[in-house]
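Asks: sequence plus the predicted model coming up.
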Amino acid sequence: MFEAREYQTYAVQNLRAGLAEGFKRQMLSSPTGSGKTEIGMILVRGAISKGKRVAFLCNRINLVGQTSARFFKAGIAHGVIQGANTSRTYENVIVASIQTVAKRGMPEVDLLVIDEAHGVAGSKDYRKVISQHKGPVIGLSATPFSKGLGKVYDDLGGPLFEQMVIAATIQELIDQGFLVDCDVYAPSQPDLSGVKITAGDYNEKELGEAVDKPLLIGDIVTNWRKYANGTPTVCFATNIAHSRHIVEQFIASGVAAEHIDCYTSEDDRKDILARVSAGKTLVISNVGILTEGWDFPACRTMILARPTKSLIRYLQMAGRVLRPSEGKDRALILDHSGTVQSIGFPTDDFPMELDDGKPKQTTGSDKKVEEKKPSKCPQCSYLKKTGGKCPVCGFLPLKPNTTEHAPGELVPLTKKEKAKQAKLDGLGKQEVYSELYRMAEERGYKPGWVANQYRGIFGVWPRGLKDVGRPPSLVVQNMVKSAMIRFHKGNK
C-alpha cells in the first residue's frame, strides 16, 4: 500500500479545507518528482470511500496509459475513456483523455481531477468540460505559471482556478531528501541576438537555425565528455533535426545515443526507453516528448540545448534529473542555451500565484529576483549563486577597474567601453588578452593582431600583461568574429 508523505497529507487536507470554504476550483502546486499522481490517488480514494464518482483527466494519450497503469497497480478499479481504448465506463473512477471527453461528452462525476493542469489555461476543450461540470475541480501541476490560470470567465462565474494550494517547494523537497540538488555548467551558448520572440518564447524556426550548427553541437559532445562522461543523460533539443544531429555526433564519438520524437511508434518508444533504463543507451535526445510523464530517477545529467524563456518548459525539463536514485546525490545540468543565467536555477523559489491574465508591472520583488540570477565562473564555466570565489576551481575574479592608466593622466571608461566590459561576462583584461594570444597562436597571426583586437575591445593598447595563452571563450570568439566582419565590410 502507498504510504503518503507528510506534505502530501497536508496538501490534501488544505484542498479539503478550501472546498469547505467555498473554493470550487483549486490548483495544487507540487514539484516534479513530488508524487502528484499519488496525491491524486489520495483524492480519488477519499471520494470513492464516500460513494462519489471521479474523473481523472490527462492531456496526452501516453499519460492516460501511464495513469491507468498506476491506478491498476494501486488497486483502484477504473474505466478508461480514450479513443478506441475506451472501456469499463461504468466504473466509479474514470481515467480520461481531455480530447476524447471534449468530443464525446463527460459522464456524470462528482469530482474532476486534472493532471498537468497548467495546460488548462487557453484550452477550449478544458474550458468546455469544466463549465459543464457542476462539482469541485482539482488541478495538479508542477509548474502552475501559465497566463490566465486565475483569469475570470463569465461562463464559469469567476476565476478559472480560485486559489492555489502549495504542497511543497523544490528546495523543501531537497532538504527532506525527496529530490536532489544540482550543479550547473554553462560551457557555451548560441548567438540569439537575431531570433524573434513569438508568443512569449523564441521563434521556433529562427531558433533552430541559430542552434543547429556543427561547432555548437560538437561543443555539446566535448563538454559532456568533460563533465558528465558515462552518466545517464537526457538531452532537450530545439527541433527534431537538431536532436538527430546531436545524436549523430554522440554516436560518431563512440557514445551510445538515441533520438525519440512524436513520430516514433509506441513500440519503438518503449524499446528505446527500455534500453535507456537498462543502461545500454547513455544519451536519449528529444525535443519535448520527455518533459512530462517520464520517470527515470537514475538519469543524472541533462543537456539543455534548447534556449527558452518559458519557466514552465524550463522546470519541466530540469525536473527530469532531480529525482534521487541509488548512488546519485546530485544532478548535473549542462546548459548550452543561456537559460539558467536568464531565468535562474531550477531549484530557486519562484513567485507562486495564479496569473489573472492582466498585464504585470515590475515590482521591487521582481528586481530582487533579477539580482539573484546565477553568475558564471570564467575559468571553468560553473554557475554559482553569488559572485566571489568559484567553489569548484577556486577562481577569484578581480574587481574590474573603472579607469585606464595613461602617462600622466587617468582616463575614465566611456559608456561604450563600459557596455563592452559588461559583455565580457566577468572576464578580466589578462583573461581576454590570454584568449586572444591563444587564438593568434592557433591561427598563426602576428603579435600585432593581438594588440589590435585587444584595443578594439578595451579602447587602449595592452600594457603589463603576460604572454600566456588560455582556451578562448565563446564571448571573446564572438567579439573577434564581429570585428573581422566589420573589417571586411569596411574594405568592401
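Replies: Sure, I can see it. Numbering: from 1, shown residues only.
Asks: I'd like the distance between the residue nearest the centre of the chain and Val129.
Replies: Among the residues of the chain, the one closest to the centroid is Tyr314, at 1.9 Å (Cα atoms, centre = their mean). Per Cβ to Cβ, to the nearest Å, Tyr314 is found 28 Å from Val129. The way it works is simple: take the backbone N, C-alpha and C, and place the C-beta from them, glycine included.
Asks: still on that earlier bit, touching the helix or strand in which the residue nearest to the centre of the chain is found from outside, list them.
Replies: If you go by DSSP states H and E, Tyr314 is part of helix 311-318. Helix 311-318 has contacts (Cβ atoms under 8 Å, 6 or more residues apart in numbering) with 31-32, 118, 142-143, 145-146, 182, 201, 236, 288, 291-292, 302, 304, 306, 308, 333, 339, 343, 346, 350.
Asks: C-terminal to that helix, what's the next element?
Replies: Helix 311-318 is succeeded, C-terminally, by strand 330-335 (DSSP H and E).
Asks: in stretch 104-115, what's buried?
Replies: Residues of stretch 104-115 classed as buried: 106, 109-115 (neighbour count, 16 or more other Cβ atoms under 10 Å).
Asks: from the chain's centre, how far out does that stretch sit?
Replies: 31 Å (Cα atoms, centre = their mean, to the nearest Å).
Asks: same deal with stretch 76-95?
Replies: The answer for stretch 76-95 is 33 Å, by Cα atoms, centre = their mean.
Asks: output that stretch in PDB with nothing but the alpha carbons.
Replies: Coordinates of the C-alpha atoms in stretch 76-95 are reproduced here as PDB (Å, rounded to 0.1, in the frame of the first residue of the first chain):
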ATOM      1  CA  ILE A  76      -8.000   1.300  -7.900                       C
ATOM      2  CA  ALA A  77     -10.700  -0.100 -10.100                       C
ATOM      3  CA  HIS A  78     -11.300   2.200 -13.000                       C
ATOM      4  CA  GLY A  79     -12.500   2.700 -16.600                       C
ATOM      5  CA  VAL A  80     -10.800   4.500 -19.500                       C
ATOM      6  CA  ILE A  81     -12.200   7.000 -22.000                       C
ATOM      7  CA  GLN A  82      -9.600   7.500 -24.700                       C
ATOM      8  CA  GLY A  83     -10.400   6.900 -28.400                       C
ATOM      9  CA  ALA A  84     -10.600   3.200 -29.300                       C
ATOM     10  CA  ASN A  85      -9.200   2.200 -25.900                       C
ATOM     11  CA  THR A  86     -12.400   3.200 -24.100                       C
ATOM     12  CA  SER A  87     -13.600   0.600 -21.700                       C
ATOM     13  CA  ARG A  88     -15.400  -0.100 -18.400                       C
ATOM     14  CA  THR A  89     -17.000   3.400 -18.400                       C
ATOM     15  CA  TYR A  90     -19.400   2.200 -15.700                       C
ATOM     16  CA  GLU A  91     -16.700   2.300 -13.000                       C
ATOM     17  CA  ASN A  92     -16.700   5.000 -10.300                       C
ATOM     18  CA  VAL A  93     -13.300   6.100 -11.300                       C
ATOM     19  CA  ILE A  94     -12.600   7.200 -14.900                       C
ATOM     20  CA  VAL A  95      -9.200   7.900 -16.400                       C
END
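Asks: buried residues in that stretch?
Replies: Buried residues in stretch 76-95 (16+ other Cβ under 10 Å): 76, 78-82, 91-95.
Asks: also stretch 247-258?
Replies: Quick answer for stretch 247-258 (16+ other Cβ under 10 Å): 247, 249-250, 255, 257-258.
Asks: centre of the chain to that stretch, how far?
Replies: 23 Å.
Asks: how long is it end to end?
Replies: End-to-end distance of stretch 247-258: 6 Å, with Cα to Cα, to the nearest Å as the criterion.
Asks: close enough to count as contact, Phe345 and Thr386?
Replies: No. Between Phe345 and Thr386 there is no contact under Cβ atoms under 8 Å: 11.7 Å.
Asks: these two: who's more crowded?
Replies: Phe345 (21 against 8; other Cβ atoms under 10 Å).
Asks: any weak-confidence spans in this structure?
Replies: In the predicted model of the chain, residues 1-2, 361-372, 398-426, 487-492 satisfy pLDDT under 70.
Asks: what's the domain layout of it?
Replies: The record's domain parsing of the chain by automatic domain parsing lists 6-168, 179-384, 403-491.
Asks: let's have the ones you listed in TSV, adding distance to Gly394.
Replies: Listed next are the domains of the chain as TSV, based on distance: least, Cβ to Cβ, whole Å:
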stretch	distance to Gly394
domain 6-168	32
domain 179-384	8
domain 403-491	15
